[in-house]
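Undergrad: pasting the structure only:
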């Protein structure tokens with residue numbers, strides 16, 4: 001809602017500014033216009049629509065947004081007419097206003113991914129580093145890459161450039177996304193919005209059938225997904241632990257896309273022991289099953305295996321003690337690790353063994369005050385690309 005309200009406010013500013021665009025008038029006429037009640041009424045109407053556009057009622061939001069869109073189109077059509085006015089002063093004013101409006105709308109859309117703290121940092125950066133900011137808010141992929149290379153070289157331990165890196169992660173260009181991920185790994189930007197966006201990129205292929213997914217309509221290749229997972233592991237972000245664990249346990253059947261144990265490792269690296277409580281019910285989930293062939297025989301993986309893997313790693317217990325088997329598959333871009341059991345009896349025994357261990361240890365100091373980490377039902381990305 002806050003992003004929508006911000007976007008509507010930007011539109012309001014543009015609409016109110018455009019009300020003053022008229023053919024040349026006398027000073028007396030201009031003063032009369034500035035006091036015109038119809039101008040105040042128009043502003044009040046836009047303010048009302050802005051409030052309605054943020055309503056909890058979907059129908060009311062839809063009506064307000066439709067009206068605002070209609071007003072915007074009418075405004076731009078009107079300004080376009082004046083852009084061809086025979087008076088050079090009017091033409092210049094209108095062209096300048098159209099250019100400024102376009103840039104404001106573009107910047108507002110780009111900045112919609114930023115939280116209040118990042119916006120404050122960006123405001124400071126626009127004064128101290130205007131060239132970098134213009135590059136990241138603009139449309140040029142080359143300019144963004146150059147800016148992110150400069151940021152990466154700066155080794156920004158003070159996290160000064162954090163909002164610019166977040167803008168890069170929201171780019172639709174894969175090269176820009178990768179450059180932003182590299183900057184995250186160099187400087188350790190641990191903001192929750194950055195972690196959430198990395199999870200968007202890492203999980204963008206969930207539910208697909210090809211080795212690459214899409215975020216906001218832009219395709220995310222496997223290499224970007226893997227780098228995003230690596231960055232999440234390095235960040236050890238508890239904000240995304242539940243999302244990663246849920247994805248790993250939900251999509252084990254998706255051989256190419258899910259990479260369940262890479263995702264599980266990123267969840268473990270968060271250090272969030274609340275997962276020990278959240279994942280217990282998943283030990284009963286034995287379908288769907290994925291079957292792998294190895295030189296030693298057949299290896300089968302089910303969602304319960306991924307849940308057990310995460311819990312064993314979080315409690316520092318060797319997988320071998322529970323009879324879990326490992327299979328490595330080397331591919332051009334990465335090595336896939338498959339972990340599971342050779343038969344259902346071994347799996348049942350391992351789950352029973354862990355359940356008994358948990359009953360003996362759950363009241364110890366390390367575990368007795370834990371609260372369950374929420375596991376979202378939907379692990380698909382929801383944030384759009386912004387350029």
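TA: Perfect, thanks for sending it. What you are looking at is a predicted structure, and each value in this text was computed from that prediction instead of being measured.

Undergrad: for residue 341, which non-adjacent residue is spatially closest?
TA: Leaving aside its sequence neighbours, residue 341 sits nearest to residue 347 (Cβ to Cβ, 6 or more residues apart in numbering; 4.2 Å). The C-beta positions use only the backbone N, C-alpha and C, and glycine is treated the same way.

Undergrad: low pLDDT regions in this structure?
TA: 1-40, 42-43, 54, 205-219, 251-258, 294-296, 328-336, 378-387 (pLDDT under 70).

Undergrad: break it down into its domains, please.
TA: 2-22+38-111, 241-387 (automatic domain parsing).

Undergrad: about what we covered before: ok, the residue nearest to residue 341 to residue 69 distance?
TA: 55 Å (Cβ to Cβ, to the nearest Å).

Undergrad: ok, the two, which is more surrounded?
TA: residue 347 (24 against 11; other Cβ atoms under 10 Å).

Undergrad: how about the strands in the chain?
TA: Secondary structure of the chain (DSSP state E): strands at 212-215, 218-221, 290-294, 297-301, 325-330, 335-340.

Undergrad: about what we covered before: go through the domains of the chain and pick out the most buried.
TA: Mean neighbours per residue, mean count of other Cβ atoms under 10 Å, is largest over the domains of the chain for domain 241-387, with a mean of 18.

Undergrad: could you give the number of residues near residue 137?
TA: As a burial measure, residue 137 scores 23 neighbours (other Cβ under 10 Å).

Undergrad: next, find the distance separating it from residue 49.
TA: 26 Å.

Undergrad: gap between stretch 55-75 and the chain center?
TA: Chain-centre distance of stretch 55-75: 26 Å, with Cα atoms, centre = their mean, to the nearest Å.

Undergrad: would you check how far apart the closest residue to residue 197 other than its chain neighbours and residue 108 are?
TA: Leaving out its chain neighbours, the residue that sits closest to residue 197 by Cβ to Cβ, 6+ apart is residue 169, at 4.5 Å. Look at residue 169 and residue 108: by Cβ to Cβ, they are 18 Å apart.

Undergrad: before we move on, back to that, correct me, but the residue nearest to residue 197 touches residue 180?
TA: Yes. If you go by Cβ atoms under 8 Å, residue 169 and residue 180 touch, sitting 4.6 Å apart.

Undergrad: so these two - more neighbours on which side?
TA: Neighbour totals were compared for residue 169 and residue 180, and residue 180 leads with 32 against 29 (other Cβ under 10 Å).

Undergrad: what sits against that one?
TA: 148, 165, 166, 167, 168, 169, 171 (Cβ atoms under 8 Å, 6 or more residues apart in numbering).

Undergrad: need the distance between the two termini of stretch 79-98.
TA: Across its full length, stretch 79-98 reaches 8 Å end to end, with Cα to Cα, to the nearest Å as the criterion.

Undergrad: sorry, wrong one. I was asking about stretch 356-368.
TA: End to end - Cα to Cα - stretch 356-368 spans 16 Å.

Undergrad: residues in contact with it?
TA: Residues contacting stretch 356-368 (Cβ under 8 Å, 6+ apart): 273, 276, 280, 315, 317.

Undergrad: which residues does the third one contact?
TA: If I follow you right, that is residue 280. By Cβ under 8 Å, 6+ apart, the contact set of residue 280 is 307, 311, 358.

Undergrad: look up how far residue 196 lies from the closest residue to residue 202 other than its chain neighbours.
TA: In space, and not counting its chain neighbours, residue 202 is closest to residue 228: 3.9 Å by Cβ to Cβ, 6+ apart. Separation of residue 228 from residue 196 (Cβ to Cβ) stands at 11 Å.

Undergrad: those two: which is more packed in?
TA: When residue 228 and residue 196 are compared on other Cβ under 10 Å, the one with more neighbours turns out to be residue 228, at 26 against 19.

Undergrad: contacting residues for that one?
TA: Counted by Cβ under 8 Å, 6+ apart, residue 228 has contacts 181, 198, 199, 201, 202.

Undergrad: the first one and residue 227 touch, don't they?
TA: It refers to residue 181. Yes. Residue 181 lies in contact with residue 227 (Cβ under 8 Å); the separation is 4.9 Å.
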